[in-house]
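Colleague: Here is my input, please return the structure:
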Amino acid sequence: MSRLLRWQITGVFITFSSLLLALAVIGAWGYWAEDSTAVRAITVVMCLIFASCVGLSISIGTVDWDEGFPWRRAVTLLLFLLLGFGVGWARLGVP
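Modeller: Take a look at the predicted model:
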């Protein structure tokens, strides 16, 4: 598979993960003074999860695809995204 096609596929993962990280950081920055300590801690965990998603997305693009698509990394990325959404959903219930 060509390097350009590999980075085009990976670009979707990087863009989506970066968007989620940016939204989490902007939300944390905007509401930091108003949130409780528990919500702040959960927000930091959520930002770390989405930052690891960006790193995983970049690693999918850098790995050599001679043996095929790196399914383990892609599934791990999707699981981390679901974990981040779950943490965000759980954060809504914290006073």
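
Colleague: ok, residue 37 to residue 30 distance?
Modeller: 17 Å (Cβ to Cβ, to the nearest Å). From N, CA and C alone the C-beta is placed, and that goes for glycine too.

Colleague: what's the pLDDT at the residue nearest to residue 54 when sequence neighbours are not counted?
Modeller: In space, and not counting its chain neighbours, residue 54 is closest to residue 17: 4.5 Å by Cβ to Cβ, 6 or more residues apart in numbering. Among the per-residue scores, residue 17 holds a pLDDT of 96.

Colleague: Residue 17 against residue 77, yeah?
Modeller: Yes. Under the criterion of Cβ atoms under 8 Å, residue 17 is in contact with residue 77, at a separation of 7.4 Å.

Colleague: hey, what's in contact with both of these two?
Modeller: Shared contacts of residue 17 and residue 77 (Cβ atoms under 8 Å, 6 or more residues apart in numbering): 53, 56, 57.

Colleague: What strand or helix carries residue 40?
Modeller: Using DSSP states H and E, residue 40 falls within helix 37-62.

Colleague: packing partners for that helix?
Modeller: For helix 37-62, the packing partners by 3 or more Cβ pairs under 8 Å, 6 or more residues apart in numbering; DSSP states H and E come out as helix 3-31, helix 71-91.

Colleague: how about a markdown table for those, with distance to residue 62 and mean neighbour count added?
Modeller: Formatted as a markdown table, the helices and strands packed on helix 37-62 follow (distance: least, Cβ to Cβ, whole Å; neighbours: other Cβ atoms under 10 Å):
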| stretch | distance to residue 62 | mean neighbour count |
| --- | --- | --- |
| helix 3-31 | 9 | 15 |
| helix 71-91 | 10 | 15 |
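
Colleague: Using TSV, please lay out the ones you listed together with distance to residue 43.
Modeller: Below are these laid out as TSV (distance: least, Cβ to Cβ, whole Å):
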stretch	distance to residue 43
helix 3-31	5
helix 71-91	7
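
Colleague: quick one: pLDDT of the spatially most central residue of the chain?
Modeller: With distances taken as Cα atoms, centre = their mean, residue 50 lies nearest the centre of the chain, 2.8 Å away. According to the prediction, residue 50 has pLDDT 97.
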